[in-house]
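A.B. asks: after the sequence you'll find the predicted model.
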Amino acid sequence: MGYISVIGAGSWGTALAYLLSDKGYEVTLWGHEKDLVEEMGRTRTNGTYLPEIRLPDDLRITNDIVEAIKEARYVIDAVPAQYTRSVFGEAASYLIDEAIIVSVAKGIERGTLQTVSSILNELLHHTVAVLSGPSFAKEVIRKLPAAVTLATKDKNVGFVLQEIFNTNSFRVYTHDDIIGVELGGALKNVIAIAAGISDSLGFGNNSRASLITRGLAEMTRLGVAMGAEGRTFSGLSGIGDLVLTCTSPLSRNYTVGTKLGQGMTLKDILAQTKSVAEGVASAESVYQLSRKYGIEMPIIEQVYNVLYEGKNPFFAAKDLMDRSLKPEFYE
(Lines give C-alpha, C1' and ligand atoms only; values in the text may rest on other atoms or scores of the structure.)
Protein backbone atom coordinates (compact mmCIF):
# COMPACT_ATOMS: atom_id res chain seq x y z
CA MET A 1 0.00 0.00 0.00
CA GLY A 2 2.71 2.45 0.93
CA TYR A 3 6.41 2.86 0.29
CA ILE A 4 6.89 3.84 3.93
CA SER A 5 4.60 2.77 6.77
CA VAL A 6 4.57 4.42 10.18
CA ILE A 7 3.11 2.12 12.82
CA GLY A 8 1.75 4.19 15.69
CA ALA A 9 -0.30 7.38 15.43
CA GLY A 10 0.86 9.06 18.61
CA SER A 11 2.60 12.43 18.47
CA TRP A 12 5.98 11.14 17.26
CA GLY A 13 4.59 8.67 14.74
CA THR A 14 2.28 11.35 13.35
CA ALA A 15 5.15 13.86 13.16
CA LEU A 16 7.36 11.44 11.24
CA ALA A 17 4.53 10.49 8.89
CA TYR A 18 4.00 14.21 8.25
CA LEU A 19 7.73 14.84 7.74
CA LEU A 20 8.15 11.97 5.26
CA SER A 21 4.90 12.62 3.38
CA ASP A 22 5.73 16.31 3.15
CA LYS A 23 9.09 15.31 1.67
CA GLY A 24 7.28 13.51 -1.15
CA TYR A 25 7.34 9.87 -0.08
CA GLU A 26 4.33 7.59 -0.31
CA VAL A 27 3.44 7.12 3.35
CA THR A 28 0.84 5.15 5.30
CA LEU A 29 0.13 5.90 8.96
CA TRP A 30 -1.39 3.13 11.09
CA GLY A 31 -3.20 3.83 14.35
CA HIS A 32 -4.48 1.39 16.94
CA GLU A 33 -7.45 3.51 18.00
CA LYS A 34 -10.17 3.14 15.36
CA ASP A 35 -12.04 6.30 16.41
CA LEU A 36 -8.88 8.38 16.19
CA VAL A 37 -8.01 6.96 12.77
CA GLU A 38 -11.49 7.77 11.45
CA GLU A 39 -11.26 11.28 12.88
CA MET A 40 -7.84 11.82 11.30
CA GLY A 41 -9.11 10.64 7.95
CA ARG A 42 -12.10 12.97 8.16
CA THR A 43 -10.45 16.10 9.58
CA ARG A 44 -6.83 15.57 8.44
CA THR A 45 -5.66 16.40 11.95
CA ASN A 46 -4.60 14.29 14.92
CA GLY A 47 -6.72 16.09 17.48
CA THR A 48 -5.64 13.84 20.34
CA TYR A 49 -1.87 13.91 20.04
CA LEU A 50 -0.83 16.60 17.55
CA PRO A 51 -3.65 19.04 16.76
CA GLU A 52 -1.30 21.81 15.63
CA ILE A 53 -0.76 20.54 12.09
CA ARG A 54 -2.91 19.62 9.12
CA LEU A 55 -1.87 16.29 7.66
CA PRO A 56 -1.04 16.08 3.94
CA ASP A 57 -3.99 15.01 1.79
CA ASP A 58 -2.01 12.18 0.22
CA LEU A 59 -0.97 10.65 3.57
CA ARG A 60 -2.84 7.35 3.91
CA ILE A 61 -4.30 6.65 7.35
CA THR A 62 -5.59 3.20 8.35
CA ASN A 63 -6.54 1.02 11.29
CA ASP A 64 -5.77 -2.16 9.31
CA ILE A 65 -2.29 -3.40 10.16
CA VAL A 66 -2.15 -5.70 7.13
CA GLU A 67 -3.04 -2.91 4.72
CA ALA A 68 -0.49 -0.69 6.41
CA ILE A 69 2.53 -2.94 5.97
CA LYS A 70 1.88 -5.50 3.25
CA GLU A 71 3.78 -3.54 0.58
CA ALA A 72 5.97 -1.30 2.74
CA ARG A 73 9.69 -1.20 1.99
CA TYR A 74 10.41 0.76 5.17
CA VAL A 75 8.40 0.23 8.35
CA ILE A 76 8.75 2.66 11.26
CA ASP A 77 7.91 1.31 14.71
CA ALA A 78 6.45 4.26 16.61
CA VAL A 79 4.28 2.32 19.06
CA PRO A 80 5.20 2.50 22.77
CA ALA A 81 7.88 0.01 23.79
CA GLN A 82 5.47 -2.01 25.94
CA TYR A 83 3.24 -2.70 22.90
CA THR A 84 5.87 -3.42 20.26
CA ARG A 85 5.77 -7.18 20.86
CA SER A 86 2.00 -7.49 20.44
CA VAL A 87 1.73 -5.19 17.41
CA PHE A 88 4.67 -6.60 15.46
CA GLY A 89 3.93 -10.15 16.52
CA GLU A 90 0.66 -9.76 14.64
CA ALA A 91 2.27 -7.95 11.71
CA ALA A 92 5.35 -10.14 11.21
CA SER A 93 3.96 -12.56 8.64
CA TYR A 94 2.70 -9.75 6.39
CA LEU A 95 6.00 -7.93 5.91
CA ILE A 96 7.64 -8.21 2.51
CA ASP A 97 11.06 -9.91 2.49
CA GLU A 98 12.87 -6.66 1.67
CA ALA A 99 11.28 -4.66 4.48
CA ILE A 100 13.60 -2.66 6.73
CA ILE A 101 12.38 -1.77 10.22
CA VAL A 102 13.23 1.53 11.93
CA SER A 103 12.48 1.74 15.64
CA VAL A 104 11.77 5.19 17.04
CA ALA A 105 10.33 3.94 20.35
CA LYS A 106 12.17 4.78 23.58
CA GLY A 107 11.76 2.26 26.36
CA ILE A 108 12.69 -1.08 27.94
CA GLU A 109 10.14 -3.89 27.94
CA ARG A 110 8.86 -4.94 31.33
CA GLY A 111 9.60 -8.49 32.35
CA THR A 112 12.04 -9.38 29.56
CA LEU A 113 14.14 -6.21 30.08
CA GLN A 114 14.68 -6.09 26.32
CA THR A 115 15.24 -3.04 24.15
CA VAL A 116 12.85 -2.49 21.26
CA SER A 117 15.36 -3.56 18.60
CA SER A 118 15.97 -6.75 20.54
CA ILE A 119 12.23 -7.48 20.55
CA LEU A 120 12.01 -6.79 16.82
CA ASN A 121 15.02 -8.99 16.07
CA GLU A 122 13.39 -11.78 18.05
CA LEU A 123 10.10 -11.48 16.18
CA LEU A 124 11.31 -10.64 12.67
CA HIS A 125 14.01 -11.66 10.21
CA HIS A 126 14.62 -8.18 8.87
CA THR A 127 17.24 -5.47 9.23
CA VAL A 128 16.44 -3.26 12.21
CA ALA A 129 17.69 0.31 12.65
CA VAL A 130 17.09 2.81 15.46
CA LEU A 131 16.36 6.54 15.21
CA SER A 132 16.74 8.58 18.39
CA GLY A 133 17.78 11.98 19.69
CA PRO A 134 16.44 15.31 20.99
CA SER A 135 13.30 15.73 18.91
CA PHE A 136 10.00 16.95 20.34
CA ALA A 137 7.29 16.20 17.79
CA LYS A 138 5.70 19.64 18.16
CA GLU A 139 8.94 21.33 17.12
CA VAL A 140 9.76 18.89 14.31
CA ILE A 141 6.43 19.54 12.56
CA ARG A 142 7.08 23.28 12.84
CA LYS A 143 10.32 22.61 10.96
CA LEU A 144 12.47 24.04 13.72
CA PRO A 145 16.08 22.81 13.39
CA ALA A 146 16.76 19.44 15.06
CA ALA A 147 19.41 16.72 14.83
CA VAL A 148 19.11 13.01 15.60
CA THR A 149 21.08 9.76 15.34
CA LEU A 150 20.29 6.83 13.03
CA ALA A 151 21.95 3.62 14.24
CA THR A 152 22.39 0.47 12.17
CA LYS A 153 25.04 -2.20 11.72
CA ASP A 154 24.67 -2.07 7.93
CA LYS A 155 26.40 1.04 6.58
CA ASN A 156 24.61 0.90 3.25
CA VAL A 157 21.23 0.74 4.98
CA GLY A 158 22.37 3.62 7.16
CA PHE A 159 23.18 5.80 4.16
CA VAL A 160 19.79 5.08 2.57
CA LEU A 161 17.84 5.80 5.75
CA GLN A 162 19.88 8.92 6.40
CA GLU A 163 18.81 10.28 3.01
CA ILE A 164 15.17 9.29 3.58
CA PHE A 165 14.79 11.01 6.95
CA ASN A 166 17.06 14.01 6.46
CA THR A 167 15.52 17.38 5.59
CA ASN A 168 16.77 20.95 5.72
CA SER A 169 15.34 21.20 9.26
CA PHE A 170 15.82 17.61 10.47
CA ARG A 171 19.48 16.59 10.32
CA VAL A 172 20.33 12.89 10.61
CA TYR A 173 23.71 11.50 11.69
CA THR A 174 24.64 7.81 11.37
CA HIS A 175 26.15 5.54 14.01
CA ASP A 176 26.60 1.78 14.46
CA ASP A 177 25.99 1.48 18.22
CA ILE A 178 22.37 0.34 18.25
CA ILE A 179 22.23 -0.68 21.91
CA GLY A 180 23.87 2.58 23.03
CA VAL A 181 21.49 4.76 21.02
CA GLU A 182 18.49 2.80 22.32
CA LEU A 183 19.58 2.89 25.94
CA GLY A 184 20.16 6.63 25.77
CA GLY A 185 16.60 7.12 24.58
CA ALA A 186 15.15 4.86 27.26
CA LEU A 187 17.23 5.84 30.28
CA LYS A 188 16.93 9.60 29.81
CA ASN A 189 13.17 9.30 30.33
CA VAL A 190 13.70 8.05 33.87
CA ILE A 191 16.19 10.81 34.67
CA ALA A 192 13.68 13.33 33.28
CA ILE A 193 11.16 12.20 35.90
CA ALA A 194 13.78 12.96 38.54
CA ALA A 195 14.39 16.39 37.00
CA GLY A 196 10.68 17.15 37.06
CA ILE A 197 10.49 16.19 40.72
CA SER A 198 13.51 18.38 41.51
CA ASP A 199 12.09 21.42 39.75
CA SER A 200 8.67 20.93 41.33
CA LEU A 201 10.24 20.82 44.78
CA GLY A 202 11.92 24.14 44.03
CA PHE A 203 15.48 22.84 44.18
CA GLY A 204 16.67 25.18 41.44
CA ASN A 205 19.12 25.19 38.56
CA ASN A 206 22.09 23.73 40.44
CA SER A 207 20.09 20.64 41.30
CA ARG A 208 18.87 20.14 37.75
CA ALA A 209 22.38 20.47 36.33
CA SER A 210 23.70 17.98 38.87
CA LEU A 211 20.91 15.52 38.09
CA ILE A 212 21.60 15.72 34.37
CA THR A 213 25.33 15.20 34.84
CA ARG A 214 25.10 12.38 37.35
CA GLY A 215 22.22 10.88 35.39
CA LEU A 216 24.47 10.75 32.35
CA ALA A 217 27.10 8.93 34.44
CA GLU A 218 24.52 6.33 35.44
CA MET A 219 23.32 5.90 31.85
CA THR A 220 26.86 5.43 30.61
CA ARG A 221 27.76 2.89 33.31
CA LEU A 222 24.81 0.67 32.52
CA GLY A 223 25.21 1.13 28.78
CA VAL A 224 28.86 0.05 28.78
CA ALA A 225 27.98 -2.95 30.96
CA MET A 226 25.39 -3.97 28.37
CA GLY A 227 27.81 -3.68 25.46
CA ALA A 228 27.33 -0.07 24.34
CA GLU A 229 30.13 2.36 23.48
CA GLY A 230 30.74 4.95 26.18
CA ARG A 231 31.11 7.74 23.61
CA THR A 232 27.57 7.19 22.36
CA PHE A 233 26.21 8.77 25.54
CA SER A 234 28.08 12.01 24.79
CA GLY A 235 26.14 12.30 21.53
CA LEU A 236 22.68 13.31 20.41
CA SER A 237 20.95 10.14 21.62
CA GLY A 238 22.61 10.46 25.02
CA ILE A 239 23.36 13.86 26.52
CA GLY A 240 21.41 15.62 23.74
CA ASP A 241 18.14 13.84 24.47
CA LEU A 242 18.82 13.91 28.21
CA VAL A 243 19.17 17.70 28.34
CA LEU A 244 16.04 18.15 26.25
CA THR A 245 13.78 15.95 28.35
CA CYS A 246 15.13 17.22 31.68
CA THR A 247 14.52 20.89 30.93
CA SER A 248 11.19 21.25 29.17
CA PRO A 249 7.51 20.83 30.10
CA LEU A 250 7.01 19.48 26.57
CA SER A 251 8.55 16.27 27.94
CA ARG A 252 5.86 13.88 29.15
CA ASN A 253 8.30 12.28 31.60
CA TYR A 254 9.41 15.63 33.04
CA THR A 255 5.74 16.50 33.49
CA VAL A 256 5.10 13.25 35.36
CA GLY A 257 7.97 14.20 37.66
CA THR A 258 6.62 17.67 38.35
CA LYS A 259 3.24 16.25 39.28
CA LEU A 260 4.85 13.68 41.59
CA GLY A 261 6.74 16.52 43.25
CA GLN A 262 3.47 18.36 43.75
CA GLY A 263 2.10 15.41 45.69
CA MET A 264 -0.03 13.68 43.06
CA THR A 265 -0.14 9.89 43.01
CA LEU A 266 1.13 7.98 39.99
CA LYS A 267 -2.32 6.46 39.51
CA ASP A 268 -3.94 9.89 39.27
CA ILE A 269 -1.23 11.22 36.98
CA LEU A 270 -1.60 8.35 34.53
CA ALA A 271 -5.40 8.60 34.63
CA GLN A 272 -5.29 12.16 33.30
CA THR A 273 -2.48 11.59 30.79
CA LYS A 274 -3.42 10.47 27.26
CA SER A 275 0.12 10.23 25.90
CA VAL A 276 2.41 7.48 27.16
CA ALA A 277 5.27 8.53 29.44
CA GLU A 278 7.72 5.73 28.66
CA GLY A 279 9.88 6.52 31.69
CA VAL A 280 7.24 5.19 34.09
CA ALA A 281 7.44 1.63 32.79
CA SER A 282 11.15 1.90 31.97
CA ALA A 283 11.98 2.96 35.55
CA GLU A 284 11.02 -0.50 36.75
CA SER A 285 12.89 -2.25 33.94
CA VAL A 286 16.03 -0.11 34.30
CA TYR A 287 16.07 -0.61 38.07
CA GLN A 288 15.98 -4.36 37.46
CA LEU A 289 18.74 -4.08 34.86
CA SER A 290 20.93 -2.21 37.35
CA ARG A 291 20.52 -5.10 39.79
CA LYS A 292 21.12 -7.67 37.09
CA TYR A 293 24.39 -6.07 35.97
CA GLY A 294 25.48 -4.92 39.42
CA ILE A 295 25.59 -1.26 38.36
CA GLU A 296 25.15 1.51 40.92
CA MET A 297 22.35 3.81 39.72
CA PRO A 298 21.19 5.86 42.73
CA ILE A 299 19.01 8.31 40.76
CA ILE A 300 17.25 5.48 38.96
CA GLU A 301 16.78 3.68 42.27
CA GLN A 302 15.15 6.68 43.92
CA VAL A 303 12.83 7.29 40.97
CA TYR A 304 11.82 3.63 41.17
CA ASN A 305 11.17 4.02 44.91
CA VAL A 306 8.96 7.06 44.33
CA LEU A 307 7.00 5.42 41.50
CA TYR A 308 6.61 1.91 42.85
CA GLU A 309 7.33 1.96 46.58
CA GLY A 310 5.39 5.12 47.44
CA LYS A 311 8.44 6.98 48.70
CA ASN A 312 8.05 10.68 49.40
CA PRO A 313 9.90 12.61 46.64
CA PHE A 314 11.52 14.98 49.15
CA PHE A 315 13.02 12.10 51.13
CA ALA A 316 14.17 10.45 47.92
CA ALA A 317 16.14 13.60 47.12
CA LYS A 318 17.48 13.77 50.67
CA ASP A 319 18.71 10.18 50.50
CA LEU A 320 20.54 10.96 47.25
CA MET A 321 22.41 13.82 48.94
CA ASP A 322 23.18 11.84 52.10
CA ARG A 323 24.93 8.95 50.34
CA SER A 324 28.53 8.09 51.28
CA LEU A 325 31.17 10.31 49.67
CA LYS A 326 33.27 9.06 46.75
CA PRO A 327 35.36 10.25 43.76
CA GLU A 328 33.48 11.66 40.81
CA PHE A 329 35.08 9.20 38.39
CA TYR A 330 35.55 5.58 39.36
CA GLU A 331 35.37 2.12 37.82
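C.D. replies: Sure thing, it's come through.
A.B. asks: quick one, phi psi at residue 129?
C.D. replies: Summarising the backbone geometry of residue 129 under the convention degrees, to the nearest 10, its torsions are phi -120, psi 170.
A.B. asks: so it is in contact with residue 149, correct?
C.D. replies: No - Residue 129 is beyond contact range of residue 149, at 10.4 Å (criterion: C-beta atoms under 8 Å). C-beta here means a position set from N, CA and C on the backbone, and glycine is covered the same way.
A.B. asks: can you pull the residues that touch both of those two?
C.D. replies: Common contacts of residue 129 and residue 149, defined by C-beta atoms under 8 Å, 6 or more residues apart in numbering, are absent altogether.
A.B. asks: secondary structure element for residue 139?
C.D. replies: Assigned by DSSP states H and E, residue 139 falls within helix 137-140.
A.B. asks: show me what counts as buried in that helix.
C.D. replies: Within helix 137-140, the residues that qualify as buried by neighbour count (16 or more other C-beta atoms under 10 Å) are 137, 139-140.
A.B. asks: same question, stretch 265-274
C.D. replies: residue 269.
A.B. asks: and if you look at stretch 39-47?
C.D. replies: 39-41, 46.
A.B. asks: so what's the residue count around the closest residue in space to residue 290 that isn't next to it in sequence?
C.D. replies: Computed as C-beta to C-beta, 6 or more residues apart in numbering, the closest residue to residue 290 that is not its neighbour in sequence is residue 297, at 4.2 Å. A total of 25 residues lie near residue 297 under the criterion other C-beta atoms under 10 Å.
A.B. asks: same for the helix holding residue 139, what does it pack against?
C.D. replies: If contacts are counted by 3 or more C-beta pairs under 8 Å, 6 or more residues apart in numbering; DSSP states H and E, helix 137-140 sits against helix 11-22.
A.B. asks: what's near enough to touch the residue most central in space within the chain?
C.D. replies: Closest residue to the average C-alpha location of the chain: residue 106 at 2.5 Å, with C-alpha atoms, centre = their mean. In this structure, residue 106 makes contact with 81, 132, 182, 185-186, 188-189, 278, judged by C-beta under 8 Å, 6+ apart.
A.B. asks: measure it to residue 243 for me?
C.D. replies: Here the criterion is C-beta to C-beta, to the nearest Å. By it, residue 106 lies 15 Å from residue 243.
A.B. asks: same check on residue 40?
C.D. replies: Shown here: residue 40 relative to residue 243, a distance of 32 Å by C-beta to C-beta.
A.B. asks: ok, now residue 124?
C.D. replies: Computed as C-beta to C-beta, the residue 124 to residue 243 distance reads 33 Å.
A.B. asks: among the buried residues of stretch 39-47, which ones are in helices?
C.D. replies: If you go by DSSP state H, the buried residues of stretch 39-47 have 39-41 in helices.
A.B. asks: now flag whichever of those residues is closest to residue 230.
C.D. replies: Among these, residue 40 lies closest to residue 230 (C-beta to C-beta), at 41.9 Å.
A.B. asks: go ahead and confirm the closest one touches residue 17.
C.D. replies: No - taking C-beta under 8 Å as the definition, residue 40 is not a contact partner of residue 17, at 10.1 Å.
A.B. asks: so what sits against both of those two?
C.D. replies: 9, 29, 55.
A.B. asks: so which of those wins on neighbours?
C.D. replies: Top of the shared contacts of residue 40 and residue 17 by neighbour number is residue 29, holding 30 neighbours under the definition other C-beta under 10 Å.
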